[in-house]
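Participant: the following comprises the amino acid sequence and a computationally predicted model.
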Amino acid sequence: METTRRCRECGVVITGHSRREFCRYCKRIVLKQNAQQKKDSSKRTVGSVDTCRVCGIEYTVRSGNQRYCSECAAQVARQRSYMQAQKVSEQREKRRKEREQRINGDRISAIS
Ligand SMILES: [Zn+2]
Ligand SMILES: [Zn+2]
């Protein structure tokens, strides 16, 4: 059965019937991270202490795939939504410019 799978790292849709948990791009990163984690040999259990991958401070693990301290997690989430918001406003700006150009073009053709 074919189900839509999403990359656990970036959320991109993985097509085809594969049982992969990550897209091709993230898989490489995840594999590297896993190797690093094995080196760290810290078993990640909820309630244990791990190091934030962004700032390096220690935080209490609240979920198995938590990678950042609560501060950095919030920042990463903010950055993601900021990037999304920026994309939306870019599109809006583009449409606005197109509209302006149309209006100006109308005005010019009305004068001539
Ligand atoms: Zn991915
Ligand atoms: Zn952090």
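Facilitator: Nice, I can see it. Ligands and ions are numbered 1, 2, ... in the order given.

Participant: from here on, just use CA atoms for contacts and neighbour counts.
Facilitator: Will do.

Participant: from the chain's centroid, how far away is stretch 68-87?
Facilitator: Distance of stretch 68-87 from the chain centroid (CA atoms, centre = their mean, to the nearest Å) equals 8 Å.

Participant: mind listing what's buried in that stretch?
Facilitator: Neighbour counts using 16 or more other CA atoms under 10 Å place 68-69, 72-73 of stretch 68-87 among the buried residues.

Participant: just checking: which of those residues also lie near ligand 2?
Facilitator: With CA under 5 Å from the ion as the criterion, the members of the buried residues of stretch 68-87 in contact with ligand 2 are 69, 72.

Participant: get me the contact residues on this structure for ligand 1.
Facilitator: Residues of the chain lying near ligand 1 by CA under 5 Å from the ion: 7, 9-10, 23, 26.

Participant: what about burial for these, which qualify?
Facilitator: 7, 23, 26.

Participant: pretty sure the second one sits against Val12.
Facilitator: So that's Cys23. Yes - contact between Cys23 and Val12 holds when scored by CA atoms under 8 Å: they sit 7.0 Å apart.

Participant: can you list the buried residues in the least confident helix or strand in the chain by mean pLDDT?
Facilitator: Lowest by mean pLDDT, DSSP states H and E among the helices and strands of the chain is helix 24-40, with a mean of 82. Residues of helix 24-40 classed as buried: 26-27, 30 (neighbour count, 16+ other CA under 10 Å).
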